[in-house]
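[1] sequence unavailable; structure follows:
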């Protein structure tokens, strides 16, 4: 992009290159995306938008070191870039760095002008669960739903939290809400079955069990369900029938195996 005097308008040139790079990234042409995004940085080395786009490119190509490097630069050049903080928080979550992720996500969610705060609150809730902060998780999922009641994930997570806390009525309500906004997953169906058993809703049990069998027959959740309805094994032999161990012939543990286990 050139001015009337033939000079390149670097800001406009950077913007055009970012736009082209993101489009190539969207269609999976990483080489062309890289070309345009690096070109954008040559025009505007301190462009937060360009560094954020480059970080997304490296996320797609699996280069985590460079991905983080460009997220940090994007935030350095624009500390108010809440979308970047949200994406960086997602990166930190995938890396298992939950406390750091929570810090970035909390800053993003505190920006009332950020249009995706509902999704950020979901991510905060997920971080909180990984940090065993169930109270924060519940509060975050509720905030996400307050901003966008059509989201599915918060209902499922809240149903799980309520179920584990024996808040069965609330769990039942949440799992029903989940089913009204999303297709059931193996996890939601198995959770629904366990909630249904506590509410003694035989019709719901049958419905959820049939869906789990028909839709996800190979899932671990269906295996858990089948195991839960198997008749219990008969009691083991009576004590009088059990022969005492002959200490003289008992095999000692292999010390080498013990070392490996340690």
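    Looks like it arrived, so ask away. These numbers were taken from a predicted model, which means no experiment stands behind them. Residues are numbered from 1 along each chain as shown.

[2] how about the top helix by length along the chain: buried residues?
    Taking DSSP state H as the criterion, the chain has its longest helix at helix 10-26. Judged by neighbour count using 16 or more other C-beta atoms under 10 Å, the buried positions of helix 10-26 are 13, 14, 15, 16, 17, 18, 20, 21, 22, 24, 25. Quick note: C-beta positions are derived from backbone N, CA and C, even for glycine.

[3] what's the burial count for the closest residue to residue 103 other than its chain neighbours?
    Setting aside the residues directly before and after it, residue 103 is nearest to residue 89 in space (C-beta to C-beta, 6 or more residues apart in numbering), at 7.9 Å. With neighbours defined by other C-beta atoms under 10 Å, the count for residue 89 comes to 27.

[4] tell me the SS of residue 28?
    coil (DSSP: H, G, I helix; E, B strand; the rest coil).

[5] for it, which residues are in contact?
    Each residue near residue 28 by C-beta atoms under 8 Å, 6 or more residues apart in numbering is listed here: residue 60.

[6] by contact count, what packs against whichever strand or helix holds residue 74?
    Here residue 74 sits within helix 64-77, counting by DSSP states H and E. Helix 64-77 is packed against helix 48-61, helix 82-94, with contacts defined by 3 or more C-beta pairs under 8 Å, 6 or more residues apart in numbering; DSSP states H and E.

[7] touching, residue 138 and residue 158? I think so.
    Yes - look at residue 138 against residue 158 with C-beta atoms under 8 Å: they come within range, at 6.6 Å.

[8] between these two, which has more neighbouring residues?
    Ranked by neighbour count (other C-beta under 10 Å), residue 138 and residue 158 place residue 158 first, with 25 against 19.

[9] nearest residue to residue 75 in space, please, no chain neighbours.
    Excluding its sequence neighbours, the residue lying closest to residue 75 (C-beta to C-beta, 6+ apart) is residue 84, at 5.7 Å.

[10] next one, pLDDT for the one you found please.
    Note on residue 84: pLDDT of 97.

[11] that one reaches residue 54, doesn't it?
    No - using C-beta under 8 Å, residue 84 is not in contact with residue 54, being 11.4 Å away.

[12] for the residue nearest to residue 103, what are its contacts?
    Counting by C-beta under 8 Å, 6+ apart, residue 89 has contacts 101, 102, 103, 104, 105, 108, 120, 123, 127.

[13] could you rerun that using 7 Å?
    101, 104, 105, 108, 123 (C-beta atoms under 7 Å, 6 or more residues apart in numbering).

[14] wait, which of the residues you listed is closest to residue 153?
    residue 123 (9.8 Å; C-beta to C-beta).

[15] name the element that closest one belongs to?
    helix 117-130.
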